[in-house]
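S.K.: Pasting a predicted model and its sequence here:
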Amino acid sequence: MTIMSTNPHASAHSSANSRATGAAEPGAAGPLPLVVTNDEPGLGVVDRIRRDREELRGALVQHGAMLLRGFDIGGVDGFDAVVRSLSGAPLEYTERSSPRSTIKGQVYTSTDYPPSEEIFLHNENSYQQAWPLKLYFHCLQPPATQGATPLADIRQVLRMIDPAVVEEFRARKWMVVRNFNGMFGVSWQQVFGTDDRAAVERYCADHGISCEWRPGGSLRTRAVRDAIHRHPVTGTEVWFNHATFFHVSTLTPEVRDGLLDLFDPQDLPSNTYFGDGGEIPADVMDHLRACYRAAWVRFDWQFDDVLVVDNMTAAHAREPYTGARTIAVAMAEPYPA
């Protein structure tokens, strides 16, 4: 197993993604993603991971993402074995925000959103009280064009955000408001995995979510979360939240305008605010999106690639694409446990 210090096929929106390699202090960044290639064809990928597990896990924390390329993964079952060998049992996808289909067990499609839509940079489940520390993506069918899973180092994103904006979010936190009305997006039954209202209320009470049943059987939820967290291994501060992703202004103009024609702002399928309910100014949202874009780096998928992401170091996205595209996803290592 060869660990390459650079990504030969990545392109970045910022030269900050071309970094020197070598010994690094805890929390210091490396090339994103780190590329690990197959130089011992006689040894299976799971055996190699088990042999080099601690080295790989250490490199993943430093770099934020790791691309396993050139290995015979062995389909969905082999992908599940890769997850288990590096992280343990994969997690169930709960409190959903993206439509996904189960492939097998706890392996899902990465998203079922239409291929024409971009999915903006985000950190998986950062709107929840707990989230997976590791994400695994497996390319079962690369797209004809585009369709990358771009990445952004959220340590770098935090450094680029105006300090006054950082401190305002640190003090006020952020809030996500979601409305489940049966018209757009996932239903509350899909999100919470039940059609029992009492079970939904118990889940919300246990997970720091306020819920309100609305006329016609719709549901409104609110959750206030921290915008800045510390990585549990390095202690480095990271910009870890869905404040930008869920904000109505991050949608394409056509989608945004269509939704605002149908709904009052408080009734949108999802929107974000400061934690005290105050509006996040438009120029702040523009600034946050620009910081994410400046840290953006991409690579083209190849068949059997496996991308491992440290969810508290790197955000991920999805480009629009043409042709068939099947990317499997699994999540692992719940935090806080």
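M.R.: Thanks, I have it. As the structure is a prediction and not an experimental result, all values here were calculated from the model.

S.K.: any idea how the protein splits into domains?
M.R.: Listed domain ranges for the chain are 2-144+297-335, 157-292 (source: automatic domain parsing).

S.K.: which one of the ones you listed lies closest to residue 150?
M.R.: In terms of Cβ to Cβ, the element of these nearest to residue 150 is domain 2-144+297-335, at 4.3 Å. C-beta here means a position set from N, CA and C on the backbone, and glycine is covered the same way.

S.K.: model confidence over that closest one, on average?
M.R.: Model confidence over domain 2-144+297-335 averages 86 on the pLDDT scale.

S.K.: And stretch 189-205, by the same measure?
M.R.: When the per-residue pLDDT values of stretch 189-205 are averaged, the result is 95.

S.K.: helix/strand/coil for the residue in the chain sticking out farthest from the centre?
M.R.: Distance to the chain centre peaks in the chain at residue 42, reaching 33.7 Å (criterion: Cα atoms, centre = their mean). Here residue 42 is coil, with the state taken from DSSP: H, G, I helix; E, B strand; the rest coil.

S.K.: Then residue 220?
M.R.: Secondary structure of residue 220, reduced to three states by three-state DSSP: strand.

S.K.: for the chain, what spans make up the helices?
M.R.: Listed in chain order, the helices found in the chain under DSSP state H are 45-51, 53-63, 75-87, 154-160, 163-172, 188-192, 197-206, 253-262, 282-294.

S.K.: how near is residue 238 to residue 31?
M.R.: 18 Å (Cβ to Cβ, to the nearest Å).

S.K.: Mind pulling the model confidence for residue 147?
M.R.: With respect to pLDDT, residue 147 scores 98.

S.K.: Neighbours of it, how many?
M.R.: Other residues near residue 147 come to 21 when the count uses other Cβ atoms under 10 Å.

S.K.: what about the nearest residue to residue 137 once chain neighbours are set aside, how many neighbours?
M.R.: Distances taken as Cβ to Cβ, 6 or more residues apart in numbering put residue 307 closest to residue 137, at 4.3 Å, once the chain neighbours are dropped. Residue 307 has 23 neighbouring residues, counting by other Cβ under 10 Å.

S.K.: gap between residue 307 and residue 79?
M.R.: Between residue 307 and residue 79 the distance, using Cβ to Cβ, works out to 11 Å.

S.K.: which residues are common contacts for these two?
M.R.: Here residue 307 and residue 79 share the contacting residues 136, 138, scored by Cβ atoms under 8 Å, 6 or more residues apart in numbering.

S.K.: picking up where we left off before, residue 238 and residue 31 - which one has more neighbours?
M.R.: Summary of the neighbour comparison: residue 238 and residue 31, criterion other Cβ under 10 Å, with residue 238 having more neighbours (26 against 21).

S.K.: who's the more buried one bridged to?
M.R.: According to DSSP bridges, the residues that bridge with residue 238 are residue 229.

S.K.: how near is it to residue 230?
M.R.: With the distance defined as Cβ to Cβ, residue 238 ends up 7 Å from residue 230.

S.K.: Residue 245 now?
M.R.: Between residue 245 and residue 230 the computed distance is 21 Å (Cβ to Cβ).

S.K.: Phi, psi for the residue farthest from the centre of the chain please.
M.R.: With angles defined as degrees, to the nearest 10, residue 42 shows backbone torsions of phi -80, psi -10.

S.K.: in terms of contact, does residue 289 touch residue 251 like I think?
M.R.: No: Residue 289 lies out of contact with residue 251 (Cβ atoms under 8 Å); the separation is 11.5 Å.

S.K.: picking up where we left off before, quick check: which of the helices of the chain is buried the most?
M.R.: With neighbours defined by mean count of other Cβ atoms under 10 Å, none of those is more surrounded on average than helix 154-160, at a mean of 21.

S.K.: tell me the mean pLDDT over that one?
M.R.: The average pLDDT for helix 154-160 rounds to 99.

S.K.: how far does that helix sit from the chain's center?
M.R.: The gap between where helix 154-160 is centred and where its chain is centred comes out at 16 Å by Cα atoms, centre = their mean, to the nearest Å.

S.K.: which secondary structure elements does that helix contact?
M.R.: Using 3 or more Cβ pairs under 8 Å, 6 or more residues apart in numbering; DSSP states H and E as the contact test, the elements touching helix 154-160 are strand 237-239, helix 282-294, strand 314-318.

S.K.: Please name whichever of the domains of the chain is nearest to residue 151.
M.R.: For the domains of the chain, distance to residue 151 was read as Cβ to Cβ. The smallest value, 4.9 Å, belongs to domain 2-144+297-335.

S.K.: any idea how far that closest one is from the chain center?
M.R.: Per Cα atoms, centre = their mean, the centroid offset for domain 2-144+297-335 relative to its chain is 10 Å.

S.K.: And stretch 244-259, by the same measure?
M.R.: Mean-position distance between stretch 244-259 and its chain equals 18 Å (Cα atoms, centre = their mean).
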